[in-house]
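Visitor: Okay, sequence plus prediction incoming.
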Amino acid sequence: MVVGTEDELIARLRAGARLARDARGFKVWDPRTNSWERVSVELRDLAAILYARQKYERARERAGNLDEVVREEDYLHMVSLIRQRVDPRAPILQRWVKDVAW
């Protein structure tokens, strides 16, 4: 069977199906029936957009709180840059960097 309309494809994805890509194009896996169905060639562009969105959402779920980790790493990098550029003859600035870093 083939998924032939945009509405049908979107409805299946909202119902919990997921897209997969292979050498022949896109296919939809329905967890209720545990079966695969091909996506029509005319819907290739829409399927590509939905597939990219699906991959992005799954990556965000797997990453969890990755944004907080990245912010912390950026913060530590900025503090290390400030430490490198602070004049060693300015003890007040060195103290400020030390206090901010911890």
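Guide: Looks like it came in fine.
Visitor: rest of the way, CA atoms for contacts and neighbours
Guide: Will do.
Visitor: which one in the chain is furthest away from the centre?
Guide: Distance from the C-alpha centroid of the chain, by Cα atoms, centre = their mean, peaks at R89 (45.3 Å).
Visitor: how far away is it from W29?
Guide: Counting by Cα to Cα, to the nearest Å, the gap from R89 to W29 is 66 Å.
Visitor: Break the chain into its domains for me.
Guide: For the chain, the structural domains run 2-63, 66-101, going by automatic domain parsing.
Visitor: Name the stretch among those domains that sits most buried.
Guide: Mean neighbour counts were taken over the domains of the chain using mean count of other Cα atoms under 10 Å, and the top value, a mean of 14, falls to domain 2-63.
Visitor: How far off centre is that one?
Guide: Domain 2-63 sits 17 Å away from the centroid of its parent chain (Cα atoms, centre = their mean, to the nearest Å).
Visitor: my read is the residue farthest from the centre of the chain is in a helix, agree?
Guide: No: the secondary structure assignment for R89 gives coil rather than a helix, going by DSSP: H, G, I helix; E, B strand; the rest coil.
Visitor: Can you tell me the SS state at the spatially most central residue of the chain?
Guide: The central residue of the chain, meaning the one whose C-alpha is nearest the mean C-alpha position (Cα atoms, centre = their mean), is Y56 at 3.6 Å. Y56 carries the three-state label helix when classified by three-state DSSP.
Visitor: That one and V28: what is the separation?
Guide: For Y56, the distance to V28 - Cα to Cα - is 17 Å.
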